[in-house]
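> A predicted structure for the sequence below; I have some questions about it.
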2 protein chains.
Amino acid sequence: MTRYYKEYDHHLVALDCIIFGFDEGELKLLLLKRKFEPAQGEWSLMGGFLGKSESLDEAASRILNQLTGLTNIYMKQLFAFGDIERDPGARTISIAYYALIKIDENDRKLAETHGAEWISISKLPGLIFDHSIMVEKALEALRRRTSREPIGFELLPVKFTLPQLQSLYESICGEQLDKRNFRKQILETGLLVKLDEKDKESSKKGAFLYKFDHKKYNSYVEKGFLFQLKVKSGQIIKENNGILLDKSA
Amino acid sequence: MTRYYKEYDHHLVALDCIIFGFDEGELKLLLLKRKFEPAQGEWSLMGGFLGKSESLDEAASRILNQLTGLTNIYMKQLFAFGDIERDPGARTISIAYYALIKIDENDRKLAETHGAEWISISKLPGLIFDHSIMVEKALEALRRRTSREPIGFELLPVKFTLPQLQSLYESICGEQLDKRNFRKQILETGLLVKLDEKDKESSKKGAFLYKFDHKKYNSYVEKGFLFQLKVKSGQIIKENNGILLDKSA
DNA sequence: ACTTTAAGTGTAAGATATACACTTGTAAAA
DNA sequence: TTTTACAAGTGTATATCTTACACTTAAAGT
């Protein structure tokens, strides 16, 4: 490769992964205790450094794979963090990615060997550096994206029940949803396939299992159709479909 | 600063700015003809390299300032581009920012000395490297953000008319809007202050000038109120307030 | 005085979101 | 075997929001 730009500074580029999972009705993050200095022993996100011959997406996937053994995971770039003092170890640019995974016993064991743990969003410990800010930002991004794309299914088993799905959406948006309205809305999309099987884990009656119709969804996306769910972030106090509601004035 | 991580690769980190303006009823980008190799003479975004002692935001602001002389500009990080071959000059990570500026004669002259030109979104030339992808992504981000935040005002003079504002929103979302509905919606926010002055540039009758009430907006933001305008991206064929509209099935 | 041009204004109908309570199926306990 | 307990599953009416739509007004130029 030809070489221009020789005179400019070069930088360490890190990747940090915010790994979301859903388990026991709670949204969780896969966190680990850092095994090297600086900040050894403290809670952090899984991270690593960018190599010369890998793209950002490739590096992020590699790092996720090291921790979970998983490939082909839903992963999106979140944001680049570049404050000078963000990492006391050295001036490092960190590009954060978030991943959505289906928590599973196998992955769980592999993660454990790295000293990683699934921790509920509502019980997060303090994290090193700017990792808590990354998590906050990832949650906002997850909420926003959930309302535009059917990504919830990335966090559930292939077969899931409607009560599970509703509980997931409730965890993401931090708000109770009406069962009838939720079911009506989600079934109207035509993107769920009802199976002839029930899951009896959580009730005597049992709830029918469904699966997400990825093929149909992709064909809709190509046609320009749009998935849209009203998912409010926990921050919103009062909202209107118009612009801004000003009942007080 | 202590030094850990010594053994990892270091990378060139660039910043590229997608600079939006609004003029003559059109959304425009400030582009320039590249003055150095590789790809000398081709159209590109304004860019530069990250220095050792500046944050990403600082570097992006510096680069914008070099071209326009402006400071305190609305600027947001867009995305980090890191494909290995994206810049034939060297392996470079580029972090793209987009900026919204009020086009003004002074800036226009400074920009010209750099060989920069304001070019309408609808007449963009091919750009070097992945810059066209950056622009496409920036437009999507602008559309999305416009529907959640009142950022249109960053592109207009401090005093503006409602027809101007409507025309801006139409340019951003690529769609005609109904005059009465638009005015109703935007005035209901209570965020516009009507002035006792008219602008007679574009009609004999003249249109009243307004200004945006930043102070009131900030107080709303603190209270958690939300600005929301229905701005559709040009890509969306058919949309519904529910989830996905499936009238065809 | 007449013409031209864009600014400015209100309402009714249709679509969408929301609120709400009882029945069903099954397992476990009595 | 009957009863109890528990979550799954189902429909409608009202309120709210979005949309479509046409005439009047002000001022400059002829």
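Great, that's in hand.

> C-alpha only now, for contacts and for neighbours.
OK.

> just the helices in chain A please.
Taking DSSP state H, the helices of chain A run over residues A:56-68, A:105-113, A:131-146, A:162-173, A:179-188, A:214-223.

> Low-confidence bits of chain A, can you list those?
A:1-3, A:231-249 (pLDDT under 70).

> Distance-wise, check the residue of it found nearest DNA strand C relative to A:K198.
Taking C-alpha to the nearest atom of the strand as the measure, chain A has A:K205 as its residue closest to DNA strand C, at 3.7 Å. For A:K205, the distance to A:K198 equals 9 Å [C-alpha to C-alpha, to the nearest Å].

> What is the burial count for A:D213?
When counting by other C-alpha atoms under 10 Å in any protein chain shown, one arrives at 12 neighbours for A:D213.

> Who does A:L15 form a beta bridge with?
Beta-bridge pairing of A:L15 under DSSP bridges involves A:G48, A:I95.

> show me the contacts for it.
Residues in contact with A:L15 (C-alpha atoms under 8 Å, 6 or more residues apart in numbering or on different chains) are A:47-50, A:56, A:59-60, A:63, A:94-97.

> Can you tell me which of those is closest to DNA strand D?
A:Y97 (32.6 Å).

> Excluding covalently adjacent residues, which one is nearest to that closest one?
Once flanking residues are discounted, A:Y97 sits nearest to A:Q77: 4.3 Å by C-alpha to C-alpha, 6 or more residues apart in numbering or on different chains.

> Can you verify my assumption that the one you found contacts A:S61?
No. The pair A:Q77 / A:S61 is not scored as a contact, 10.9 Å apart, by C-alpha atoms under 8 Å.

> Name the residue in A:K205 and A:K198 with the higher neighbour count.
Remark: of A:K205 and A:K198, A:K198 carries more neighbours, 16 against 10, as counted by other C-alpha under 10 Å.

> hang on, isn't that one packed against A:Y210?
No. Taking contacts as C-alpha under 8 Å, A:K198 lies outside contact range of A:Y210: 9.1 Å.

> How about the residues of chain A by DNA strand D?
Residues of chain A lying close to DNA strand D (C-alpha under 7 Å from any atom of the strand) are A:161-163, A:179-181, A:183, A:202-208, A:240-242.

> mind redoing it with 6 Å?
A:162-163, A:179-181, A:202-208, A:240-242 (C-alpha under 6 Å from any atom of the strand).

> Any quick PyMOL command for the buried ones out of these?
Only the buried entries of those go into this PyMOL selection, using 16 or more other C-alpha atoms under 10 Å in any protein chain shown:
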select buried, chain A and resi 162+163+207+208+242
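
> Out of the residues of chain A next to DNA strand D, which is nearest to A:L29?
A:P163 (21.6 Å; C-alpha to C-alpha).

> if I pick that closest one, what's in contact with it?
If you count contacts by C-alpha under 8 Å, 6+ apart, then A:P163 has A:A207 around it.

> Same check on the one 4 residues further on?
With C-alpha under 8 Å, 6+ apart as the criterion, the residues that contact A:S167 are A:G25.

> residues contacting A:D130?
A:D130 touches A:R86, counting by C-alpha under 8 Å, 6+ apart.

> Can you pull the phi/psi pair for it?
phi -100, psi 20 (degrees, to the nearest 10).

> For A:Y220, which non-adjacent residue is spatially closest?
Here the residue nearest A:Y220, using C-alpha to C-alpha, 6+ apart, is A:L226, at 7.6 Å.

> Does the one you found touch A:T189 like I think?
No. Using C-alpha under 8 Å, A:L226 makes no contact with A:T189, being 9.9 Å away.

> any idea how far A:I73 is from A:L50?
From A:L50 over to A:I73 (counting by C-alpha to C-alpha), the distance is 19 Å.

> same question but for A:Y5, I mixed them up
Counting by C-alpha to C-alpha, the gap from A:Y5 to A:I73 is 35 Å.

> about what we covered before: more crowded one of A:L226 and A:T189?
A:L226 (26 against 19).

> Closest one of the contacts of A:L15 to B:I103?
A:I95 (32.3 Å).

> Tell me who's in contact with that closest one.
A:I95 neighbours (C-alpha under 8 Å, 6+ apart): A:13-16, A:77-81, B:80.

> Generate CSV for those residues, with distance to A:D23 as supplementary columns.
Formatted as CSV, these follow (distance: C-alpha to C-alpha, whole Å):
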residue, distance to A:D23
A:V13, 32
A:A14, 29
A:L15, 25
A:D16, 22
A:Q77, 24
A:L78, 23
A:F79, 26
A:A80, 29
A:F81, 29
B:A80, 31
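
> Between all of the residues of chain A next to DNA strand D, which two are separated the most?
Most distant of the residues of chain A next to DNA strand D, by C-alpha to C-alpha, are A:K204 and A:G242, 43.9 Å apart.

> circling back: name the nearest of the contacts of A:I95 relative to DNA strand D.
Distances from DNA strand D to the contacts of A:I95, taken by C-alpha to the nearest atom of the strand, are shortest for A:L78, at 28.7 Å.

> can you count the residues close to that closest one?
There are 23 residues near A:L78, going by other C-alpha under 10 Å.

> That one reaches A:L142, doesn't it?
No. Counting by C-alpha under 8 Å, A:L78 stays clear of A:L142, with 9.7 Å between them.

> what residues does chain A put near DNA strand C?
A:180-181, A:204-205.

> any idea which of the residues you listed is closest to A:H131?
Distances from A:H131 to these, taken by C-alpha to C-alpha, are shortest for A:N181, at 36.4 Å.

> buried set for stretch A:34-44?
Those would be A:34, A:38-39, A:42-44, for stretch A:34-44 by 16+ other C-alpha under 10 Å.

> from those, which are also near chain B?
A:P38 (C-alpha under 8 Å from any C-alpha of the partner chain).

> Show only the entries of the buried residues of stretch A:34-44 found in strands.
A:43-44 (DSSP state E).

> In a markdown table: the buried residues of stretch A:34-44, plus distance to B:L30.
Output for these, formatted as a markdown table (distance: C-alpha to C-alpha, whole Å):
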| residue | distance to B:L30 |
| --- | --- |
| A:R34 | 45 |
| A:P38 | 43 |
| A:A39 | 44 |
| A:E42 | 46 |
| A:W43 | 44 |
| A:S44 | 41 |
